Structure formats: structure tokens, C-alpha cells
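Participant: One predicted model, sequence on top.
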Amino acid sequence: METAQNDMTPHEAAAALRWLAEMGADEIIGEAPLNRLASPSPAAPAGRKLAAPATSPLPGIGTAATPGGARPLLPPAGLVPAASCQTLADIEAALESFDACPLKKTATRLCYADGNPAARVMLVGEAPGRDEDIAGKPFVGKSGQLLDRMLAAVGLSRQSEDRESAVFISNTVFWRPPGNRTPTEAETQMCLPFLLRTIEIQKPDVIVCLGATPAHRLTGRGDGILKLRGTWMTANVSGRNIPLLPTLHPAYLLRQPNQKRLAWRDLLSLRQMLDAH
Ligand code: URA
């Protein structure tokens, strides 16, 4: 990235700071930037090896060393911070120009969300799979078909135009991980500002986490899904406490059909919660 810091307008500088905060750089450690990734100087003590990758650990984020020291960290050109998005369409457009997540390089297309944005219920899955990568919509493959049947059993549908019976669906990451592997913590953290902004804008009454990955991200709890499922928790998103129910992922239920009874209990609990509020 060639932009020098003092070429930025105040608006761009504020956007750059917001982006750094979203990426977790929320503390100033020293006044002068220190490039810890630079090649070891000839004066480095013998035998002490410094790992010195030439590029940033986060693709697309500039930390290139220069003879005068590290350049300031700046958001990649065209990056729109999640916090500046006002609508779900803004978030989708911001994700289209977000190049920092390595999953984007191997995925076919962006897979952001589906369903009714006015819905009372927001479902958060783990990551798009092969079918979702082709369609650009979450949960359209076999596990999505099972999910639709499960939702229908308690009167919910992503096609419903009535917010009472509608759901909105997204994932912890918005591009398919290669080979359908579990997304890494770095990948989910990178996408988290966009997921949280989605929740802020969509304003669900209730969040349902499908599997461990979204439950871990949104509650901060690290227990296995069999321990977490079925217990109502709270997601605090921008000061708003939203009831959150972790349940089993439909892909797991396809592999372990005898566990469907547990998922059924969770769905009944969701139905009760919606009926009571
Ligand atoms: N599994 C998920 O977690 N999300 C999808 O969108 C599809 C399958």
C-alpha cells in the first residue's frame, strides 16, 4: 500500500482508526511504530533466529518494511469498515471489497445471508459449504434442507414474509473454507465485525447458533456444543442483550440422526421463547 499517512483526509484517517480497532489493534503500545517482522539486523546476537516473514500475517494488510522503518498500518484500499455500514446491503457491498480474509481467495463467491431481514429469529451457522459457495446463499445444501424441515416443524421459515414466522440466516465466515474445513479463529475474528454489525442492523429478538463455532464467537464460551446446546445464554451486541440458544448443527444431525431428539428439544425451547415474548 503506497498511501502515506499524511495524504489522508480526516475522514479517511478516522475510517482507518475504526478499521484498526475492528481488527483488534485497540491499544497504543509506543509512540514510534516497531516492525517486529523486519529482517534481523547484522548486530543481532549470534544464534538468535528471528522469524521474519516479508509479508503481513493477515493478507491484504500492509506492514511492509522500508529503509526508514515500518510504514503505518492502513486498511487495504477500498475497505469499508463494518461500523460505517448502515444497511445489510452496505455490509454485503463492504464484504465484496474486503480482501483481508484469506478464505476469499479460494472461494467461488461471497455467501453473506438469506431469509427475511425483518425476522425475529436470526440463525448463525459456521461457514458456507460447497453448495453455498456455488449458490452464494447460506444453507442451501443437504444440511440447509434439513434445517428448513426442522424450522417448518416449529412454524418458522426463511421464505416467510411475516416477521413472526420468519428467520434470517448468516454464518461466522462469509466464504467457503477449502475442503469444508472448520474456519480458524483468525478467520472468524476477521469476519466478526461484519457479523456483529449484521446483528445490530437486523435486530433479532433471538439468536440461534448452529454448532460450536458461532456459539463460541458470540458468547465467548469455549465448551463443546453438546455441553452448550439447549441452554439459553446472552449475546451482548453493542450494549443490547439478546437471548441466544446454541443447538446442534444440521450437518452433525445428518451424521448422527439419533441426536435429532436433542435438536427437537432445542426447537421446542425456541418456540416457547418466541411465544412468551
Ligand atoms: N453449514 C453452515 O454452517 N453454513 C452454511 O451456510 C452451510 C452449511
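Facilitator: Good, I have the coordinates. Residues are numbered from 1 along each chain as shown.
Participant: Please name the nearest non-neighbouring residue to His249.
Facilitator: Leaving out its chain neighbours, the residue that sits closest to His249 by Cβ to Cβ, 6 or more residues apart in numbering is Gly211, at 3.3 Å. Placement of C-beta: from N, CA and C, glycine included.
Participant: tell me the phi and psi of that neighbour?
Facilitator: Torsion angles at Gly211 (phi, psi; degrees, to the nearest 10) stand at phi 90, psi 180.
Participant: my read: it touches Tyr252, true?
Facilitator: Yes - between Gly211 and Tyr252 there is a contact under Cβ atoms under 8 Å: 6.8 Å.
Participant: Look up the closest residue to Leu245, ignoring the ones flanking it.
Facilitator: Val208 (5.1 Å).
Participant: my read is Gln145 is in a strand, agree?
Facilitator: No - remark: Gln145 does not belong to a strand; assigned using DSSP: H, G, I helix; E, B strand; the rest coil, it is helix.
Participant: Asp99: how many residues sit nearby?
Facilitator: 15 (other Cβ atoms under 10 Å).
Participant: Which of the helices or strands spans it?
Facilitator: Assigned by DSSP states H and E, Asp99 belongs to no helix or strand.
Participant: from the stretch 151-277 of the chain, which residue is nearest to the ligand?
Facilitator: Proximity of the stretch 151-277 of the chain to the ligand (Cβ to the nearest ligand atom) peaks at Asn171, 4.9 Å away.
Participant: backbone phi and psi for the closest residue in space to that residue that isn't next to it in sequence, please?
Facilitator: Excluding the flanking residues, the one nearest Asn171 by Cβ to Cβ, 6+ apart is Gly125, at 4.6 Å. Backbone geometry at Gly125, expressed as degrees, to the nearest 10, gives phi -100, psi -170.
Participant: Likewise for Gly115?
Facilitator: Dihedral pair for Gly115: phi 100, psi -160, per degrees, to the nearest 10.
Participant: and it, what does it touch?
Facilitator: Residues near Gly115 by Cβ atoms under 8 Å, 6 or more residues apart in numbering: 123, 158, 166-169.
Participant: how close does it get to Asp162?
Facilitator: Distance check for Gly115 against Asp162: by Cβ to Cβ, to the nearest Å, it reads 12 Å.
Participant: Check Pro10 too.
Facilitator: Pro10 sits 45 Å away from Asp162 when distances are taken as Cβ to Cβ.
Participant: which one of the two has more residues nearby?
Facilitator: It is Asp162, of Pro10 and Asp162, that has more neighbours when counted by other Cβ under 10 Å, with 11 against 7.
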